[in-house]
Each structure stands twice: as structure tokens, then as C-alpha cells.
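> Task: produce atomic coordinates for the following.
(one chain, ligands or ions: 1)
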Amino acid sequence: MISCSDRLEFVHSDIRGPLYQEALRMEGEGVNVLKLNTGNPGRFGFPLPNSVRQALALHIDEAVPYCDVRGMRDARNVICTYHIGRGLQGILPNDVFICNGVSEAASMLMNALIGTGEEILLPSPNYSLWSNNAYLCGGQPVFYRCDPNNAWNPDTEDIRSKITPRTKAILVINPNNPTGAVYSREILLEIADIARKNHLVILADEIYDRLIMDGLRHESIGALAPDVPCVTFNGLSKSHIVCGFRCGWMVFSGPRGELDDIKNGVMKLASMRLCGNALTQLVIPAALVDSQSTQEMVVPGGRLYEQRKATMEALDRIDGISYVPSRASFYLFPRLDETKFDFESVGDFAMKFLHEQHVLVIPGTGFDWHEDWRFRIVMLPEPDVLTKAMGDLQYFLKQHRI
Ligand code: PLP
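Reported below is the predicted structural model:
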């Protein structure tokens, strides 16, 4: 057998990993599995916003040729305006790169920024896109702790203790996947200060910035640190239900010129694939103006709000489960009290839950969280489906109590 590249040794995408493969195998045998593994709202009956449908229909001919390597001008203008509205200063359309999802933007940026052996500070828990890209570019992810006892805010002391002469950047995922946390302004200012004092580039993954609940306000860290080089990532996958379109972007901000070398590197990588998917770029101007369809989901009566409520209320009835309420996105990262059940590991719990109740959840280890036993629930099905799934969890845990 021909072996695969050693660069893949530590790469793991558990949301589509062995548990998911097992769920597919079970489905192949006719078992109905409730798959709560990926944040893919279109799979759970969330409709495509009309604004997006119309923009696509109206402009489709414009997407026939390859477009600008950075992305279509109209779309980049609107992205620029959006981020200026969120507080980024001094940015121009040429500071924006539109990519095939935040996923591709992350890959390009990391390859341009992180050299062999260089370190990047990543949150634990972490969305594995980022650690995987660190491995692939020959860099070294160094995990800093987010604190469940402080509403999952990053532990800034831990961040400070992990900086070395090789540290080049720090990633902030806010709002967070998998915890649903929205970071406080104070913590963001502290992280900005750490970056400033240690010459780190801030990477800000803010793809959930429009999916905020409970009247909280999202602060863009790049806006709080205009003097620090920063790359902010965002996209339409979640807010406009278009995960399959592959529509994301990154914006360079901070002192002009400081990130030029990295931008040139990104330009080389972007040029290799000629341009991003032009079809998705057509919808960006309409989508970023249409905040209403997103907003409707996150207020009382809206799907995301009610699904979160149903999930948390059902979990409140389960002995051995605790959680920090999710404030944004559609993820919850509850804790399972390992002293109360007969599982060998959190992975064993997830596999048995899949086999016995046909519900797929992803263990915290898949998000580089090893401190205690957690798992991520994707709260995208309708409230009654989630209530039933959590009832199944309650029954299942009763069978495994020691
Ligand atoms: N960043 C975070 C925090 C995510 O949760 C996801 C997808 O779940 C992505 C990036 C990937 O987004 P995209 O669909 O734009 O590639």
C-alpha cells in the first residue's frame, strides 16, 4: 500500500470522522440516525433567504467567466462596508479576499503566514479547521485554554504563559464553535494587548457574528485593536444558510503595509486557483444587506432561539449533565460527569449513544478539549426533535449509570 503524506499525521476532522462513518454505515443498513455532527442548517429545513435566491437568479450570467482573483469588485465593496460598520478602520476593497468558504481562506492565510516550526496559539476547545491547517503548513498549534467557569472566555494568563519566540499569531473564534460563547470586550482588549506587546498577528474567525442571542453585542477584535495586524474571517454559510455555496472571505486590517508580505503570499495562493466560485459572490451584496432573515432566527419565536431553549430545558432534567448556556451560533458543549457512568471514555459514550439511540454527537476530544468529558450538540433540528433526542439521552444515561 502507498502511504499518505506525513503532513497528515495529526490532521483530524472528527465531525466527519469515524463516528460519522459509522452513522453512514448504520444508515446504509436502514437505521434512521439523527446526525447532530455538522452545523449545516440547510440540511434541517432552514430555507434559502429570498434575497439570496433573487440575487442569484438576476445576476447568474455575470458569473460565467473567471472573476478577479481576490473576488468580484461589487462583493468586495460591500464586504468592506460591512466590516467598516463593525468597526474595522482604514480597510479598502483590495484588503478583502473572497474564497470558497472560510475554510479555503483559513488554508490560504495559514500557508502564507505560518512557516515550518512556527507556532500559532489556538483555542481549546477549537474548531479543527485551524489546527489542521497549522499541521498542514508545517507549523505548530499551541492550545490556550478557554474557561467554562468564566463563560468560556479565553484564559488570558494561560495565553501569556504559552508565548515563545516562535509564536507568530493568535486565533480568536468569537462567537465560538463549539461553545456558543460571545467574548467580553474586556477579554478581547486583553488579547489585543497581548498581541500588541508580543508582535502577534490576530486571526479573528467571526463567521457567527450575526447569530447572537439574548441582546448581547458582538465586538470585532480587529476594531478594538486598529494598531495590531489582524485578519478577520467571515462568510455566509451559517447566517444565510448557504453552506453548500462555499462563500467566505478574509479582510486584512491594522497598520498599513505590515501584512503586505502575507497578502502577497495569499495572492500567490489565490492565483493558483484562478478565482473563487463566482456564483456565490453574486449573492454577497444582497445577503449582507439582508440582516432581517438572520435576525428572525435568533429572537424568541425564531428557530435558533427556540431550538436552543428546547435543548437546554431538556438537558436541565438530566442528572450528570451540566452546561454553560450557549449565547450565539447553534452549538452547545455540555459536560458529562464521568464519575456517574460506566463509559470508558467520552468517545465510548458517543459511540454507544449512536449505537443504542441512533443519535450522533461529537466528543470534545474532536475539538482538542481534553480537560473533562464534553460533547458538542448541533441544535439545528426543530425543537420537538431536539427535545426527543435529549429525552433519548436521558434514558440512555439511566441505563449506563453506576
Ligand atoms: N469557522 C468556524 C468557526 C466554523 O464553525 C465553520 C463551519 O462550521 C467554518 C469556519 C467554515 O465555514 P465555511 O463554510 O465558510 O468554510
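
> The closest residue to I402 other than its chain neighbours and the ligand, how far apart?
Leaving aside its chain neighbours, I402 sits nearest to D342 (5.1 Å; criterion: Cβ to Cβ, 6 or more residues apart in numbering). For every residue, glycine as well, the C-beta is placed using N, CA and C. The gap separating D342 from the ligand is 32 Å, by Cβ to the nearest ligand atom, to the nearest Å.

> thought D342 was touching H400?
Yes - taking contacts as Cβ atoms under 8 Å, D342 lies within contact range of H400: 5.0 Å.

> Which one's more surrounded, these two?
Neighbour totals were compared for D342 and H400, and H400 leads with 16 against 11 (other Cβ atoms under 10 Å).

> List the backbone torsions phi and psi for the residue in the stretch 1-150 of the chain that the ligand sits nearest to.
Here the residue of the stretch 1-150 of the chain nearest the ligand is G101; by Cβ to the nearest ligand atom that distance is 2.6 Å. Note on G101: its backbone torsions stand at phi 90, psi 160 [degrees, to the nearest 10].

> In contact with it, which residues?
Shown in contact with G101 (Cβ atoms under 8 Å, 6 or more residues apart in numbering): 235, 237, 246-248.

> can you do 6 Å?
Residues in contact with G101 (Cβ atoms under 6 Å, 6 or more residues apart in numbering) are 246, 248.

> Distance check, it against A286.
Distance, G101 to A286, by Cβ to Cβ, to the nearest Å: 19 Å.

> Quick check, central residue of this protein?
The chain has N177 as the residue nearest its centroid, 4.8 Å off, counting by Cα atoms, centre = their mean.

> these two touch, right, that one and L129?
No - if you go by Cβ atoms under 6 Å, N177 and L129 don't touch, sitting 9.4 Å apart.

> near the ligand, which residues of the stretch 1-150 of the chain show up?
By Cβ under 6 Å from any ligand atom, the residues of the stretch 1-150 of the chain that approach the ligand are 39, 101-103, 127, 129.

> Just these: which are in helices?
101-103, 129 (DSSP state H).

> Centre of the chain to stretch 176-184, how far?
Its chain's average C-alpha position is 10 Å from that of stretch 176-184, according to Cα atoms, centre = their mean, to the nearest Å.

> Is there contact, residue-wise, from that stretch to the ligand?
Yes - Stretch 176-184 is in contact with the ligand by Cβ under 6 Å from any ligand atom, via N177.

> Now that stretch: average pLDDT?
The pLDDT scores in stretch 176-184 average 97.

> now stretch 220-228
Stretch 220-228 comes out at a mean pLDDT of 97.

> hmm, who's touching it?
With Cβ under 6 Å, 6+ apart, stretch 220-228 has contacts from 86-89, 172, 188-189, 192, 195-196, 202, 204, 230, 232, 253-254.

> In the worst-scoring helix or strand of the chain on mean pLDDT, which residues are buried?
Least confident element among the helices and strands of the chain, by mean pLDDT, DSSP states H and E: helix 292-295 (a mean of 93). Within helix 292-295, the residues that count as buried by 16 or more other Cβ atoms under 10 Å are 293-294.

> Repeat that for stretch 142-151.
Buried residues in stretch 142-151, defined by neighbour count with 16+ other Cβ under 10 Å: 142-148, 151.

> now swap in stretch 126-145 and tell me
Buried residues in stretch 126-145 (16+ other Cβ under 10 Å): 126-137, 139-145.

> longest helix in the protein, by residue count?
helix 383-399.

> That one packs against which elements?
Helices and strands touching helix 383-399, as assessed by 3 or more Cβ pairs under 6 Å, 6 or more residues apart in numbering; DSSP states H and E, comprise helix 303-316, helix 346-357.

> rewinding a little: please report the distance of the residue nearest to the centre of the chain from S237.
According to Cβ to Cβ, N177 stands 11 Å off from S237.

> so who does L259 touch?
Residues in contact with L259 (Cβ under 6 Å, 6+ apart) are 229, 252.

> nope, D147 is what I meant
Remark: with contacts taken as Cβ under 6 Å, 6+ apart, D147 is in contact with D155.

> Could you tell me the phi and psi values at it?
According to degrees, to the nearest 10, D147 has phi -110, psi 110.

> Can you name the residues bridging to it?
For D147, the beta-bridge partners under DSSP bridges are N153.
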